[in-house]
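Trainee: fold the stuff below for me.
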Amino acid sequence: MIAQSRLTLRFTLWLFAMVILIAEPCRAEDVGGPLRLTLPAECHAVPDVEFSIYYDNIVLTETPEDYDFQVTCDIGESAAKRWRVTPEEADVGDHPLTVSVSDADGKSLGMAKTVLHVTKSDAGANRPLRLLIVGDSLTHATHYPNAIAEHLAGPGNPQWTMLGTHRPSAAKAGVAHEGYGGWTWQRFVAHYEPNPDGTYRKRSSPFVYLDKTGKPQLDPQQYFEKECDGKPADVIVFLLGINDCFRLNPNDPKSLDDGIKAVLAQAEILLAAFHKAAPQAKLGICLTPPPNTRESSFEANYKGKYPRWGWKRIQHRLVQLEIAQFKGREQEQIFIIPTELNLDPVDGYPTNNGVHPNPAGYGQIGAEIFAWLKAELAADGR
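Mentor: I've put the predicted structure just below:
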C-alpha cells in the first residue's frame, strides 16, 4: 500500500509539472526570426537510407523558393528544395548541422542548428522489441507501419513484435497498430462507446475500460494485460495532431496557442498514463507532418473551406509548441521524432490530398521513425 501511494504521488507530481510546461509556451514571434525557422535539437539517419531536410517544412512562408537556404554539415549535399544525405557506415556518429536562410538581397533571416545522429546498421541486433504505434488516419492507412516493418525485417535488427488490435487489410505480416481515421489525443484518452458496432468509427478508445463502479477510465495497464499477453511495450510511438488542430483559427495567434495548449494537455494525460503502466517504455512523439505544397489538393478536399496556408500556419505553430513541450525530457522516457523534416511536401503527396501522403511520403515517415528506433536501441546497448 505504501509503495502504491508513492507511485500515485510521483504520478501526480509528474502531471503537475506537465501543466506548468503547457502554461508557458514560447511565443511564435520569439522563434526562428521572420520566417519562423524551426528545427528540433536532433534528427536521425541510418546507413543506406536517405534522409532529407525539406526547406519548405522548416519555415513559415508561402514562397520558400524566394529564399536562399545554406546548410552546413560535414556530410550530405544541398539541392534546390532540400538538403539530403544517404549515410555510409563510415558516417556513424554525430554531425552538427546548421541551416541559414537569407533573402534575395543576401539579408540574413534566421539560423537554426540541429545534430544529425547516424546510427550503425546493427544497433539492437537480435534483441527483443515490442513496438506499439498510436495514431490517426496516417497510421490507419498502415503504409508507414509497413515501411517500419520492412526496415526491421532486414539484417542487424531486433526481434520485433508490433502490438495492437488494428490490423487493416493493407497490413503486411506482423504489422498491427492502434491507428484510426479522424482520431485525436483526447479521443484516445477518454472516448467510451457503450454500443460498439465493430468498426473504428463506433468503438471505444482501446485504452479506455470500465472501472469497478462502471465508469470509463483510461487504463493502459489493462490494455497491456488483455491485448498484449500481459506484457508492456518497449517503445510507444504517437503520430497525432492533425485532427486535433485542423479547425483552429490561424488568424488569431492567442486562440491558436490556447487551442494547441489544450491539445498538448490531452497528450500529457495519455503519456502520463502510459508512463505509469510501462515506466521503462520509451514514448516517441512524432512532430506533426507538413501539408501538401499544392493549394489544389486542399481545394479538392475542402472546397475552399480550409486553404493550405491556413493549415500550414497551424501545423508550423503546432510543431514549434510540440518541440517546446517535449524537448529535454529523455529522463522521463519522452522523446521527439522529427518526422516533419523528411517528408517531401510535393513528391511525397498525391495531387488531390492535402494531408495524406502517397506511399513514397509514408515511406519517408517510416524511415525517420525507424532511424530514431535504431538510435534508441544503440543508446540502450551502450
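Trainee: not counting its neighbours along the chain, what's nearest Gly106?
Mentor: With sequence-adjacent residues excluded and distances taken as CB to CB, 6 or more residues apart in numbering, Gly106 is closest to Asp68, at 7.8 Å. Using the backbone N, CA and C atoms, a C-beta is placed for each residue, glycine as well.
Trainee: how close does the spatially most central residue of the chain get to Asp136?
Mentor: Computing the C-alpha centroid of the chain and ranking residues by CA atoms, centre = their mean puts Cys286 first, at 1.0 Å. As judged by CB to CB, to the nearest Å, Cys286 and Asp136 stand 11 Å apart.
Trainee: can you give me the neighbour number for the residue nearest to Gly106?
Mentor: By the measure other CB atoms under 10 Å, the count of residues near Asp68 is 15.
Trainee: before we move on, what about Leu341?
Mentor: Leu341, neighbours per other CB under 10 Å, totals 24.
Trainee: residue contacts, it?
Mentor: Leu39, Pro40, Cys43, Ser52, Ile53, Tyr54, Asn57, Ile58, Leu287, Glu368 (CB atoms under 8 Å, 6 or more residues apart in numbering).
Trainee: isn't Lys113 right up against Ser100?
Mentor: No - at 9.9 Å, Lys113 does not count as touching Ser100 under the criterion of CB atoms under 8 Å.
Trainee: hang on, the earlier thing: hang on, the residue nearest to Gly106 packs against Ser102?
Mentor: Yes - counting by CB under 8 Å, Ser102 is a contact partner of Asp68 at 4.9 Å.
Trainee: what pLDDT does the nearest residue to Tyr200 once chain neighbours are set aside get?
Mentor: Ranked by CB to CB, 6+ apart and with sequence neighbours excluded, the top spatial neighbour of Tyr200 is Tyr180, at 4.4 Å. Looking at Tyr180, its pLDDT reads 98.
Trainee: contacting residues for Tyr180?
Mentor: Residues near Tyr180 by CB under 8 Å, 6+ apart: Gly135, Asp136, Ser137, Thr139, His140, His166, Tyr200.
Trainee: let's see that with 7 Å instead.
Mentor: Going by CB atoms under 7 Å, 6 or more residues apart in numbering, Tyr180 touches Asp136, His140, His166, Tyr200.
Trainee: how many neighbours does the second one have?
Mentor: Right, His140. 21.
Trainee: before we move on, the earlier item: and the residue nearest to Gly106, its phi and psi?
Mentor: phi -100, psi 120 (degrees, to the nearest 10).
Trainee: same check on Asp234?
Mentor: phi -90, psi -30.
Trainee: that one and Trp311, how far apart?
Mentor: Distance from Asp234 to Trp311, by CB to CB: 34 Å.
Trainee: thanks again, I'm all set now.
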